[in-house]
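**Q** okay, predicted coordinates and the sequence, questions at the end:
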Amino acid sequence: MTELCFLFFVWYKEAIHYNEVVWFGTKHSEVKGAQRSWELQSCCPDQKIKIKINRKVYNMEMVEYLRKHYMEPMPKWLENFQPGQPIDINEVLKSRIVYYPGAGEDGQPVKTCMKSSSAHVFIYVDYWFTPMIITKLLKYSGFLGYHEINTIVLSKRDIFKSEYIPFIVPDKWEERKNPFVCIMKIFERNDNKTEKHGSKRFAVIFLCADGIASYKSIFCDKNRVPPYIVVLRDHGSNKSFFSEDDWFSKGGQMEKYAKESSVFPKFLFVGTTAGTTAWEGYKELDCINDDNGRYIYLYEKI
């Protein structure tokens, strides 16, 4: 039993991103940023063990930090857009772009950037995407409080400016063997919401493709603007099915493409899932984003 308790504490020390832990039915809440002494009832009723957890103090929320230092006006093409008019995709891709490989249903980057007005264009890439799934995603956090005002179907030629060769083929994901999809949706804030909710408009390009190869084909070209933010979140499937090269975070092929072409984002949003780590050459900033207990850290290019 003592060994079991020890393993629990080792696990807990590795999981300190979370706000609380339930230990045999008893909830113990953590105070952000502070050094805490924990007294937990172990599996032996008469035994109590104390552990100390050291955690960095963050002085600012990410939204506040980005809004204070990196707020931008809405891009002119987006501000002047009228539903139904044609879009110059090259103008779109000159905007500040948040690139999210393996995005799934995570609307948190949209919510963060809309509240801070730090970026207005997003590229969400996932083999999981189909037109039906994309429609369902709009019900998730980040998209709430906005409505769609236009949908534009894009071709491979529109989005990829160099040859697209998938680095990962979803042979092990039967449910993700979907045909190529590239749909751009433009959103506008609902009339019953104010600027406090977020910027008036934003655009998302949903792309059913390989997130690693798409980074290379979209950005690693001499005439393309680098992404402003890249979201790194290695989900469990990445590290269960594939080798280290297949990861989005440090040491993976996407970082190698960035190094080969010298195309780097200014910022990284680094999630806490599956041991995700920042790329080389980035420093952690003094802010944090709490996504319902899943923390996101902000890194800037040195």
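**A** All right, it came through fine.

**Q** next one: the nearest residue to Asp221 once chain neighbours are set aside from Lys216, what distance?
**A** Taking CB to CB, 6 or more residues apart in numbering, and ignoring the residues beside it in sequence, Asp221 has Lys161 as its nearest neighbour in space, at 4.8 Å. Every C-beta, even on glycine, is put in place using the N, C-alpha and C of the backbone. Look at Lys161 and Lys216: by CB to CB, to the nearest Å, they are 10 Å apart.

**Q** of those two, which one has the most company?
**A** Lys216 (24 against 18; other CB atoms under 10 Å).

**Q** now the more buried one: how far from Asp106?
**A** When CB to CB is applied, the distance between Lys216 and Asp106 equals 22 Å.

**Q** for the stretch 151-300 of the chain, which segments count as helices?
**A** Along the stretch 151-300 of the chain, the segments classed as helices by DSSP state H, counting those that start in this stretch run 156-159, 211-219, 236-241, 253-261.

**Q** just the CA atoms of the second one, as PDB, please.
**A** Put plainly, it is helix 211-219. Once side chains and other backbone atoms are set aside, the C-alpha atoms of helix 211-219 remain, and they are given as PDB (Å, rounded to 0.1, in the frame of the first residue of the first chain):
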ATOM      1  CA  GLY A 211      -1.300  19.300 -39.800                       C
ATOM      2  CA  ILE A 212       2.500  18.800 -40.200                       C
ATOM      3  CA  ALA A 213       2.600  18.800 -44.000                       C
ATOM      4  CA  SER A 214       0.100  21.700 -44.100                       C
ATOM      5  CA  TYR A 215       2.400  23.900 -42.100                       C
ATOM      6  CA  LYS A 216       5.100  23.300 -44.700                       C
ATOM      7  CA  SER A 217       2.800  23.800 -47.700                       C
ATOM      8  CA  ILE A 218       1.000  26.900 -46.400                       C
ATOM      9  CA  PHE A 219       3.800  28.800 -44.700                       C
END
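
**Q** roughly how far apart are the closest residue to Lys216 other than its chain neighbours and Ser249?
**A** Leaving out its chain neighbours, the residue that sits closest to Lys216 by CB to CB, 6+ apart is Tyr257, at 4.5 Å. The gap separating Tyr257 from Ser249 is 13 Å, by CB to CB.

**Q** neighbour-wise, which of the two wins?
**A** Applying other CB under 10 Å to Tyr257 and Ser249 shows that Ser249 carries more neighbours, namely 22 against 18.

**Q** still on that earlier bit, worst mean pLDDT among the helices of the stretch 151-300 of the chain?
**A** Least confidently modelled of the helices of the stretch 151-300 of the chain is helix 236-241, at a mean of 48 by mean pLDDT.

**Q** tell me the pLDDT at the spatially most central residue of the chain?
**A** In the chain, the centroid-proximal residue (CA atoms, centre = their mean) is Val231; its distance is 3.7 Å. The per-residue pLDDT reported for Val231 equals 95.

**Q** beta partners of it?
**A** When bridges are assigned using DSSP bridges, the partners listed for Val231 are Phe269.

**Q** quick one: contacts for it?
**A** Listed by CB atoms under 8 Å, 6 or more residues apart in numbering, the contact partners of Val231 are 98-101, 103, 106, 109, 268-269, 271.

**Q** Met60: which of these is nearest?
**A** Closest approach between the contacts of Val231 and Met60, by CB to CB: Phe269, at 15.2 Å.
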